Structure formats: structure tokens, C-alpha cells
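here is my input, please return the structure:
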Amino acid sequence: MTGPAERIEVSRAGDGSTVGELCPDTVEVSFAGDGSGVGELSWGMWEIWHAMVAQRSSLPIGGTAALQADSTVEAVAAELRYLMGRFPSMRTRLRFGPDGHPTQELFASGRISLELYDAPAGEDPAGLAARVELAYRERPFDHTGEWPVRMAVVRADGRPTHLVSIMNHLVTDAAGGAIMLREVRERADGPVVGLQQLEQAAWQGSAAGVQQNARAMRHWERVLRTVPARRFAPSADPRRPRHWTGEFRSPALPLALPVVAARTGGDPRTALLGLYALALRRIGAAEPVVLRPVVNNRFRSVIGETVCMAAQAGIAVLDVGDGDVQDAVAAARGATLAAYKHAYFHPERLKELLARVSAERGEEVDVQCFFNDRSTLGAAVPRPAATPEELLAARARSTFRWVRRIDLAGRILQAQFEDAPEGLLMEVLTDTHHVSPADAETLARTVEELAVEAALGFLATGADADADASPDTSPGTVATGVPR
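Numbers count the residues shown, from 1 in each chain. Modelled structure (predicted):
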């Protein structure tokens, strides 16, 4: 942690903010940055706002990090001041009209509290940091009256040991978060690059933006009019609460996917999407498989380096039949190109299109099947292919558990993939009236089963695993933390 050591004043929190029995001290941090104004939400903001409303959550992002031994509260305060001043999305709140319509408001300056928690004698400061993070995640954000970031320092014997930083998901997606972290490390001080959220919304409302949205909606309409209306038959095991979230931790997937990708001519992300589509067929999904890959959108140069919400869920149609892994990956490679091209649109206009097409078809068209790859699989450093023994041993260590049960709005199935210390974490959110708990767990385990069995088969041929590889130049799906 580096930064100018300005004098700070510490006071006791007066807003009732507590973690358990602990009431933090606070440091008030003033900040200022370029730009101000009020405007419509950008398309990326609309996308995540729909998700937040549906899941009744701010879908917080961020986490906890251990601090270096020489860290100071002054340096953390300076970093918070830098973040708030440099990135307009950190200084943006929402406004709501009488009809509930949200707009964004960018502020040029303000003050934000940095909270300080002292670990009681005998308590592990890492444990206290985990409690602070949980409290930050569970307390709803006030979108109109609170800055969209919460930051705290945990101290032990007066020494800062951990930093907790949690943001409202309206601030950015994962790709934007990576840009933010890079600029913080470098202490970038030139003008921010790319269209910011207010500027994006202005362009999206222009003639060029309207044309872009119209092209995307024409593609969506062609898909919506031709695919089966339902992804699954009604579940044979509906539950209450209705929506369940499970976590599948797979040490085997990061080992198997590079082998599968190399032998199928894709990359690990495309291979994972193809395997997921094939696994959906195995649990009874309609053919063709229709799913919503979350697309980076930062291959669009005007937002490529912007810290904001830019990722959106496109739509991909995969004809996988009951074929093999090679066919499924090929289908994923072909289908996703159109999904990437048409994943930049106004989500409100898509809602209207879905309602119109459903009414004209006389049946609700369900496109609530999402795929969100937040992992770094595509950027992993190449390593020697895993041996069959390593693959089987890793698969034996996989675990699945249910972590959340709640009633949410609408029919949904989402798979979200993230890096984890033990391998790859697959989070599955299912509407149990749509996909039963047993089928959702089978879905997760089948993705791994298909990957491992295919990798074992490829390794058994003894051929060069790179012989059939071809470069995959697609923009790729990206982590957004955009659960639907």
C-alpha cells in the first residue's frame, strides 16, 4: 500500500455501522474528480440493474486483502481518495423518478467514510476482516444516498493488517475491475480513457446508438421467433424456497479444459461453453440449446479501457444434438461469434421485444439460461498436459454443496465460473420449478465428467495435443458478476 501520507482525523462512527458488537472508528476522506451531471443509465448499467432487481441484491463485488507490514491508515485513505477521484463510476449514484425510472448522477466531489476496526485481544484479524466483508455484502446499498463503495481497515495492536473493499456492482464488471486495479498499482494520473457511463448513455441515445440497438434487436428477434419457447419441461421436484444456489468446486476442470481446447481447435473458454451446452442436453434441455453468454464488450474500442459496467448477456444457439465433445465445442465456436456481435443493446428494448414476440407466439419465450465465465482460463500460462492419473485424482476431490435458498423473480438457470484456490468454482443458480436440485447438481458434475473423459480420450491417443489447435480470435466471454 503506497500513497501520500496526509494528516487524517479519526472519529467514532455515528451512523449505527457495526460488525457484531464492534463499532468502528472512521476517517472522513474528501475527494474530487472530473465531470458531473445527470443522465440515463448506460446499457451496461441497465443490464446489471435488471439483475439486481430480480435478485433483490446489489450483487456486491470486491473482497479482502492482507496489507503489507508497513501499511498505514493514511496510505489507505489516500488510495480511497484516488479511487473516488479518478473513476467516475465510483462517484455515481442513482436517482428515481415518480414512476421508479432510474437515472444516474455523477458528482464532481464529496466525502466518504473509511472505517477502522480493531481486532479484540485474542481475535485473529483475518477472522474479523471476514466478518466485516460479510456485513458489507449483506447490508443493502442505498443507491441514492450512499457512495457505491465500502472500505474498511482492520487493525491488530494498532497496526493495519487487512483491507476490506466492497463495491455495488453498478460501479464495474470484472474486466473494468482489472483495469481499476492496474491503474491503482501504477497510480495513473493522465485523463481516464474511453467513454464514461454518462458519455456512453449520451452516445447510446444518439442516432448511431439507436442504429446499433436496432441491429441487435433484429438479430434477437430472428432467434426468438425460431427457437423452442421453453428450455426445460417443468421440474419434477419443485421446492420452497424456489431458487437454490449451489457451489461445485472442481480441481479437475482447469487440468482437463486445456487438453480439450487444444484437440478441438478452440480455447478453454470456448471448450467450457461447449461442454456446458452438452451437459444441458444431458439433463433435458431443448434442442437447439439456447443460452446467454455474458460478453465482455470491451473489444469495442470506445469502452475498452473504461472502469464501468459494459458486459451484457448475448444469446447463442448451439446445435449440439446428442453429439460428442468435439461437435459441441465446434458448435460453441460458431454460435458465439453472433452472440458477441449482438450483445451491445438496450436491455429495456429487449424486455419490450420479448413481451411482443411472446404475445405474438402465444407462449412465453424463455431465454433465462445464462453462462458467465469469470475465470482466467483463457489467460492461463501454458503448462504441460496433465497426466491421466492427475486428472482422475483431481476429479476425486471435487465437491458440491448448496449454499443459498431464496425466492426470486422469474425462471432462471445460471452457471458462473470463477477461479478458486482448489481449481475452478462453478456456481449454479436454479429455479427448482424449472430445473430440480438433483438436475442442477448433475449439470455441474456432468460438465466436469465430459471434460475429464474427453481429456483422457485425447491423451490416450498419444498424439500431440497441440496438433489440431487453431487460434481462437473471438472476443470471449468475461467475468461480470452478473448473476441473473
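
switch to C-alpha atoms for all contacts and neighbour counts from now on
OK.

surely Ala54 touches Asp407?
No - using C-alpha atoms under 8 Å as the test, Ala54 is too far from Asp407 to be in contact (10.0 Å).

and the closest residue to Gly410 other than its chain neighbours, how far is that from Leu181?
Counting by C-alpha to C-alpha, 6 or more residues apart in numbering, Gly410 lies nearest to Ala54, which is 7.6 Å off, once chain neighbours are set aside. From Ala54 across to Leu181, the span is 29 Å (C-alpha to C-alpha, to the nearest Å).

what's the answer for Val164, then?
14 Å.

more crowded one of the two?
Val164 (22 against 13; other C-alpha atoms under 10 Å).

show me the contact partners of stretch 225-243.
The contact list for stretch 225-243, computed with C-alpha atoms under 8 Å, 6 or more residues apart in numbering, reads 284-290, 357, 361, 363-367, 369, 405-408, 429-437.

filter those residues to the buried ones?
285-290, 357, 365-367, 369, 405, 408, 429-437 (16 or more other C-alpha atoms under 10 Å).

inside strands: which ones of the residues you listed?
Val289, Val290, Cys369, Arg405, Leu429, Thr430, Asp431 (DSSP state E).

my read: the third one touches Val289, true?
No - taking contact to mean C-alpha under 8 Å, the distance of 9.5 Å between Cys369 and Val289 leaves them out of contact.

mind listing the strands for the stretch 1-150 of the chain?
10-12, 25-32, 37-40, 61-66, 92-96, 102-106, 109-118, 149-156 (DSSP state E, counting those that start in this stretch).

count of neighbours near Glu21?
6.

same deal with Pro384?
8.

likewise for the one 4 residues further on?
Residue neighbour count, defined by other C-alpha under 10 Å, stands at 17 for Pro388.

repeat that for Arg282.
Using other C-alpha under 10 Å: Arg282 sits among 16 other residues.

need the pLDDT of it.
pLDDT for Arg282: 95.

residues in contact with it?
Counted by C-alpha under 8 Å, 6+ apart, Arg282 has contacts Asp322, Leu443, Thr446.

any idea which element the second one lies in?
With elements delineated by DSSP states H and E, Leu443 resides in helix 437-460, which encompasses its position.

so Arg401, which state does it fall into?
What DSSP: H, G, I helix; E, B strand; the rest coil gives for Arg401 is strand.

isn't it up against Trp244?
No - counting by C-alpha under 8 Å, Arg401 sits too far from Trp244 to count as a contact (10.6 Å).

these two: which has the busier surroundings?
Trp244 (24 against 12).

how about the helices in the stretch 1-150 of the chain?
43-55, 73-86, 125-138 (DSSP state H, counting those that start in this stretch).

Val329: which of those is closest?
Taking C-alpha to C-alpha, helix 43-55 is the member of these nearest to Val329, at 27.5 Å.

okay, now the unreliable bits of the chain?
Scanning the chain for pLDDT under 70 picks out the ranges 1-18, 20, 378, 380-381, 462-484.

pull out the buried positions in stretch 232-241.
Phe232, Pro238, Arg239.

among the residues you listed, which one lies nearest to Ala130?
Arg239 (31.0 Å).

and the closest one, its phi and psi?
phi -120, psi 170 (degrees, to the nearest 10).

please apply the same query to His169.
Per degrees, to the nearest 10, the backbone of His169 is at phi -70, psi -10.

and it, how many residues sit next to it?
His169 has 26 nearby residues by other C-alpha under 10 Å.

show me where the stretch 151-300 of the chain has strands.
Taking DSSP E, counting those that start in this stretch as the criterion, the stretch 151-300 of the chain carries its strands at 159-167, 243-250, 289-295.

how about the shortest one as CSV, C-alpha atoms only?
I take that to be strand 289-295. Presented in CSV, the C-alpha positions along strand 289-295 are these (Å, rounded to 0.1, in the frame of the first residue of the first chain):
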residue,chain,number,x,y,z
VAL,A,289,-29.5,-25.3,-26.8
VAL,A,290,-30.2,-21.6,-26.3
LEU,A,291,-28.2,-19.8,-23.6
ARG,A,292,-27.0,-16.3,-22.7
PRO,A,293,-23.1,-16.0,-22.6
VAL,A,294,-22.1,-12.8,-20.8
VAL,A,295,-19.9,-10.9,-23.2
